[in-house]
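>>> Sequence first, predicted coordinates after that:
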Amino acid sequence: MTEMATRGTIAEQHTHRDDRPFIRRYIFSTDHKIIGIQFLLMSLLFLLLGGMLAMLMRWQLGFPGRPLPIIGSLFPEAMVQNGIVLPEFYDSLVTMHGTFMVFFAIMPLLVGVFGNYLIPLKIGAPDMAFPRINMASFWLAVPAGVLMLAGFFVEGGHAAAGWTSYAPLSANSEYSGVSTGQIIWCISLIVLGLSSILGSFNYITTIINMRAPGMIWFRMPLSIWSLFITAILVLLAMPVLSGAIIMLLFDQTIGTHFFLPPKGGQPLLWQHLFWFFGHPEVYILILPAMGMASDIIANGSRKPIFGYVSMVLALLGIGVLGWGVWGHHMFMSGMNPTLGTGFMISTLLISVPSAIKVFNWMGTMWRGNIQFHVPMLHAVSFVAMFVIGGLSGVFMAASPVDIYIHDTYFIVAHLHYVLFGGSLFAIFASITYWYPKMFGRLMSPRWGKVHFWLTFVFYNLVFFPMHQLGLHGHMRRLYDPTQYEFLKPLQPLNTFISISAFLLFASQLIFAVNFIASWFTGAKAGPNPWHDNGLEWTLPSPPPHGNFAVTPTVYRGPYEYSSPLVEEDWLPQDRRLDRSPAPAPGGHR
Amino acid sequence: MTHGAIAASAGVMRPPVDREAGAGVYNEKLGMWVFLGSEVMFFTALIGSYIILRVAHPEMWAPPGKVLNVPITAVNTFLLICSSVTMVKAFASAQDGLQRPLCLWLLATCIIGATFVGVQAFEYHHLIEKGFVPSEGLYGSTFYTMTGFHGFHVSVGVICLSFVTWKAFRGKYTSTDHRGVEVVGLYWHFVDLVWIILFTIVYLI
């Protein structure tokens, strides 16, 4: 009790006067909210960069052999000659688009940004369990990203073995012609892995040990549940990647033979290790999106989430099953086909908890008083796109079908439907939803809607036709489709996709401008602009250092919308109701 | 409607439970346990790869004791196990609030840990002179990666222990608050345990 009281006074002092110097406050800050915002700015920059790399690829695929307009002359000779992207540079583009998007954009956007920002606020804690380790986590991610960027400027070009870096191509520079770039790729990801591990054990400790009184496990918002399970996946999957990359790095630098066949090494071992990490990673990239979308959909529907407990169990189910499915990436690797059957069955099992979640989201919206604010639009389209991505995943999971469409544009379409259509729409939803809490101002709803509709339309125009390309046998990572006679009839489709992609990219600039401009000119948000029940909405926007002046007590779950007990259609988690329930005028609103 | 409201109120009106005990241990200890889970997965990746490669190519491994010096490493293993004992003694002294024994047991743990790393460096030097290098083949690749990363972990442990020892000499640990000693002890026992597994599968089998 005394401890709580002391914490309260400390928080109050900080509310009134925050005399930390600028550097401790905004640069090397230990405040989880600042670290979350730092991750947000960093990963949005990498998201933009990853998008630009994709645009270069789309130009080459849509208009092979045509010089890049305007920017063609800006690149060095080793990358672009006479305005035409060289095949070696194209391979680096493919590799780095994947690497940046997975490790430096989507993963930090979901885990780094919202893990940091939401966990202490939503469970009623003053900060993370280990604030300085949290700061170290961010300041390891930055050099990792800078190092990864530096790889573009070294001799031999950047890593070009794909984001999966399959050995032996990646393990020996004689095979790929890339030496320094691949080494940089390895070191950067080892550093980033350390950063993720530091972040994740911090999250786990905080959620287990620092919940406010009354915040029992089954009153936690689904966003916190999903971040908790994600943190466990990060904690256990990242070290496996680090171990594998260390072996790959030793193969390149000190001449070990882990993945090189001439002296008994096994290329297939790399694939097993990579995908043993890689498939939990897939869920790392979607579970937080599911959790935050659940929060936003309940809020936008003004109804309690449908099937809260089954939502939690589905998250747990996905988190557990996700460890036993990695082989479905390897049906074509020469792995024992009997093993493939097992992986096929375990993979198909995962569609059960995923479908439970989809039906619960629809059950939440069913007959709700739906408010189509910008976060809700993004969250609903997250559900729709996740259904398409999930169903195309069932195609890939069935090994007889996969053998036909393996490594074609069908997989490109599938992974973008879950990563862009799934994760990124949920990220846009979450950013617009928690932006007022972070910066105290609302993002412009008008431009938010423009951005949403343009993104939604162009996104589908880009990625849906890719299913068709894949079924016609268009290989992924292909530099020039016109070199194959059977792909020539598909070239108009490729051009169409490229033009849509340019428009999709241009639409994102609306978001960027809205994000920056609203920081200065957005409407003042007030503490609770969305009439949400979570603990963070009881605080001023932005919340003070140390968060809660008095540790809140939690009386109920986070989804009590349209409760008959109160006048308003929301009921904050920490509001105490000790009088008899008020008569509900007019019934359910 | 009324019935529903009463049912809902029965849930809402439940008195708030107290702050959940969580894991029942303080943050630093819980955090270290969770972090060690991550370390287990790291060594699992290395050891798992070793097992797969060795099962696939048993002919690439020399019989035990032919290349590696088992007696010296056995003594080294014994030393490391002893350092776990001194660590336990240090923790027991901290619990009892015995300052002088705490400092001395911690110092002993540091010294034994550093000795272990020294002996390992000496062994590496000797092996490399004999021409057993990482690029020699799968045997060398796995040997140096696994024992090297274990040695790295021991070195990190010695650095952390030195810090804890320094704090102990300044009297920072009491019988009620000696979290640093306990947390570094957990890490130290883990590193010791990993070595027992590595010694068995790399040197003895």
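Cool, the structure landed. Numbering: from 1, shown residues only, chains lettered A, B, ... in the order given.
>>> Now residue B:197: closest residue in space that isn't a chain neighbour?
Take residue B:197 and drop its neighbours on the chain: the residue closest to it by C-beta to C-beta, 6 or more residues apart in numbering or on different chains is residue B:47, 7.1 Å away. From N, CA and C alone the C-beta is placed, and that goes for glycine too.
>>> what's the answer for residue A:341, then?
With sequence-adjacent residues excluded and distances taken as C-beta to C-beta, 6+ apart, residue A:341 is closest to residue A:399, at 7.2 Å.
>>> And stretch A:545-558, how far out from the chain middle?
Between the centre of stretch A:545-558 and the centre of its chain there are 27 Å (C-alpha atoms, centre = their mean, to the nearest Å).
>>> Then stretch A:426-433?
11 Å.
>>> What are the buried residues along it?
Buried residues in stretch A:426-433, defined by neighbour count with 16 or more other C-beta atoms under 10 Å in any protein chain shown: A:426, A:427, A:428, A:429, A:430, A:431, A:432, A:433.
>>> how about low-confidence regions in chain B?
With pLDDT under 70 as the threshold, chain B has low-confidence stretches at B:1-22.
>>> what are the ranges of the helices in it?
Read by DSSP state H, chain B holds these helices, from start to end of the chain: B:2-12, B:27-56, B:70-96, B:99-129, B:138-169, B:179-198.
>>> Let's have those helices in a markdown table, adding mean neighbour count.
Compiled in a markdown table, the helices of chain B are given as follows (neighbours: other C-beta atoms under 10 Å in any protein chain shown):
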| stretch | mean neighbour count |
| --- | --- |
| helix B:2-12 | 13 |
| helix B:27-56 | 19 |
| helix B:70-96 | 18 |
| helix B:99-129 | 18 |
| helix B:138-169 | 20 |
| helix B:179-198 | 20 |
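>>> Which one of those lies nearest to residue A:105?
Among the helices of chain B, helix B:27-56 comes nearest to residue A:105, with 23.3 Å by C-beta to C-beta.
>>> tell me which strands and helices that closest one is in contact with?
Helices and strands touching helix B:27-56, as assessed by 3 or more C-beta pairs under 8 Å, 6 or more residues apart in numbering or on different chains; DSSP states H and E, comprise helix A:180-209, helix A:222-253, helix A:267-284, helix B:138-169, helix B:179-198.
>>> Quick one: closest of those helices to residue A:576.
In terms of C-beta to C-beta, the element of these nearest to residue A:576 is helix A:222-253, at 21.7 Å.
>>> Go ahead and measure how far the closest one is from the middle of the chain.
Centre-to-centre, helix A:222-253 and its host chain are 15 Å apart (C-alpha atoms, centre = their mean).
>>> circling back to that earlier point, format the helices and strands packed on helix B:27-56 as a markdown table; extra columns: distance to residue A:385.
As requested, the helices and strands packed on helix B:27-56 are arranged in a markdown table below (distance: least, C-beta to C-beta, whole Å):
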| stretch | distance to residue A:385 |
| --- | --- |
| helix A:180-209 | 26 |
| helix A:222-253 | 18 |
| helix A:267-284 | 15 |
| helix B:138-169 | 42 |
| helix B:179-198 | 43 |
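>>> Is residue A:529 in a helix, a strand, or coil?
Following DSSP: H, G, I helix; E, B strand; the rest coil, the label given to residue A:529 is coil.
>>> hmm, back to that, just so I know, which of the helices and strands packed on helix B:27-56 lies nearest residue A:164?
Closest to residue A:164 of those, according to C-beta to C-beta: helix A:267-284, at 5.9 Å.
>>> The closest one: what's the following helix or strand?
Stepping forward along the backbone from helix A:267-284, the first helix or strand reached (DSSP states H and E) is helix A:287-301.
>>> Now do that next one against helix A:267-284: the angle between them, please.
With axes from the mean of the first three to the mean of the last three C-alpha atoms, to 10 degrees applied, the angle from helix A:287-301 to helix A:267-284 works out at 20 degrees.
>>> counting contacts, what elements does helix A:287-301 pack onto?
Counting by 3+ C-beta pairs under 8 Å, 6+ apart, the packing neighbours recorded for helix A:287-301 are helix A:222-253, helix A:308-321, helix A:337-365, helix A:374-397, helix A:425-439.
>>> buried stuff in stretch A:309-319?
Taking 16+ other C-beta under 10 Å as the neighbour-count basis, stretch A:309-319 is seen to contain the buried residues A:310, A:311, A:312, A:314, A:315, A:317, A:318, A:319.
>>> Take those residues and write them to JSON lines, including pLDDT and distance to chain B.
JSON lines is the format used below for the buried residues of stretch A:309-319 (pLDDT from 0 to 100; distance: C-beta to the nearest C-beta, whole Å):
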{"residue": "A:310", "pLDDT": "96", "distance to chain B": "17"}
{"residue": "A:311", "pLDDT": "97", "distance to chain B": "18"}
{"residue": "A:312", "pLDDT": "97", "distance to chain B": "16"}
{"residue": "A:314", "pLDDT": "97", "distance to chain B": "22"}
{"residue": "A:315", "pLDDT": "97", "distance to chain B": "19"}
{"residue": "A:317", "pLDDT": "96", "distance to chain B": "20"}
{"residue": "A:318", "pLDDT": "96", "distance to chain B": "19"}
{"residue": "A:319", "pLDDT": "95", "distance to chain B": "14"}
